[in-house]
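# Make a model of this:
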Amino acid sequence: MTPVAGALVPGMPQLRAAEPAVSWKELGAAVEEVGERFRARGVETVLLMSTQWFTVLGHQVQCDARVAGSRTDENWYGYEYGRLRYDLTVDGELAHGWADAIDAAGLQARRTRYPGFPIDTGTITAAALLDQAGAGRWAMVSCNLYADPSAMAEVAGAGVRAADGLGRKVGVVVVSGLSSGLLQRWIAPAEDRIADPAHDRWNRKVLDLVRAGDRDGVLALREEYARAADVDSQFRAFAFLAGSGVVDGPGEVLAYGPVWGTGAAVVWWEPGRQ
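The predicted model follows:
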């Protein structure tokens, strides 16, 4: 069973700023729209991979039934959006099934379940916008820094197979940016822009391929794009989405713009949509 839908969303906390730049506000509203679409389509659990939860040994799966607490972001602690509270319900049955499916695929899963585990800024930011009422369920996997794109795709496929086995109706979310050229000074929100015009051109080129539904074209261009635009986690987030089966058709770009110099987009895919 193919997931109901999938989305690429940013994980920068500026999207929740009290006085945001225009692009931050538009991106945040677009993430909220993704959450509304998930609920309208009856999504029961969101399979989520954030590039800000990174690991080096295996693929960690969050298996605690509930993760709650607060986080102070190491970069943005001086701003109100750098102090983050969270309370997430984990779909434990699906999480354990996902870990088992990762192991069965010949990769290594690590089951994370201890109080106070540090939830990353990207997950907290995305979850707060996707599910403002806090009523949703999550199955979360880490981004292994040394995993190649094919491994990331296999991890996503394992999550979908685990959901199928449970008859679970799922949506897929990757929390990741595009170009990652941060502006290297403190700015007012109104000053924000993509740090390098060449990065902006690359981002738009790839988003045009996404709109056209050219999955293979994006994958073929991924390495060059990653080098040319310093792309977040080498754009392996797209390989993860491809492995889940949600990007075989055109993507709808709900928003695109800068977040402190980086490129960010909210993109929606719905299998069967033309």
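
# Just the helices from the stretch 101-250 of the chain, written as ranges.
Ranges of helices in the stretch 101-250 of the chain, per DSSP state H, counting those that start in this stretch, are 121-130, 149-166, 197-211, 215-229, 236-244.

# Centre of the chain to the first one, how far?
For helix 121-130, the gap between its own C-alpha mean and the chain's C-alpha mean amounts to 9 Å (CA atoms, centre = their mean, to the nearest Å).

# Skip the chain neighbours and tell me the closest residue to residue 215.
residue 247 (5.0 Å; CB to CB, 6 or more residues apart in numbering). Just so you know, the C-beta spots here come from the backbone N, C-alpha and C atoms, and that holds for glycine as well.

# quick one: contacts for the one you found?
Counting by CB atoms under 8 Å, 6 or more residues apart in numbering, residue 247 touches 6, 210, 215, 218, 238, 241, 269.

# Generate TSV for these, with pLDDT as supplementary columns.
Shown next, in TSV, are those (pLDDT from 0 to 100):
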residue	pLDDT
6	98
210	98
215	97
218	98
238	98
241	98
269	98
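
# And the furthest pair within those residues?
6 and 218 (13.5 Å; CB to CB).

# more neighbours, those two?
Comparing residue 6 with residue 218 by other CB atoms under 10 Å, the one with more neighbours is residue 6, at 28 against 24.

# On the three-state scheme, the more buried one is what?
strand (DSSP: H, G, I helix; E, B strand; the rest coil).

# re earlier: closest to residue 255 out of the helices of the stretch 101-250 of the chain?
Closest to residue 255 of those is helix 197-211 (CB to CB; 10.7 Å).

# just to revisit the earlier point, looking at the helices of the stretch 101-250 of the chain, which is nearest to residue 138?
Nearest of the helices of the stretch 101-250 of the chain to residue 138, taken as CB to CB: helix 121-130 at 6.8 Å.

# From the contact counts, what lies against that closest one?
strand 5-9, helix 22-40, strand 45-55, strand 83-90, strand 170-175 (3 or more CB pairs under 8 Å, 6 or more residues apart in numbering; DSSP states H and E).

# picking that back up, the contacts of residue 247, buried ones only, as a PyMOL selection?
Selection of the buried residues among the contacts of residue 247 in PyMOL, burial being defined by 16 or more other CB atoms under 10 Å:
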select buried, resi 6+210+215+218+238+241+269
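
# could the contacts of residue 247 go into CSV alongside distance to residue 59?
Listed next are the contacts of residue 247 as CSV, based on distance: CB to CB, whole Å:
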residue, distance to residue 59
6, 19
210, 25
215, 23
218, 23
238, 17
241, 16
269, 23
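
# Quickly name whichever of the contacts of residue 247 is closest to residue 202.
Residue 202 lies nearest to residue 218 out of these, by CB to CB, at 11.9 Å.

# The closest one contacts residue 210, doesn't it?
Yes: between residue 218 and residue 210 there is a contact under CB atoms under 8 Å: 6.2 Å.

# okay, the residue lying closest to residue 27 once chain neighbours are set aside: pLDDT?
With CB to CB, 6+ apart as the criterion, residue 27 has its nearest non-adjacent residue at 4.8 Å, and that residue is residue 255. According to the prediction, residue 255 has pLDDT 98.
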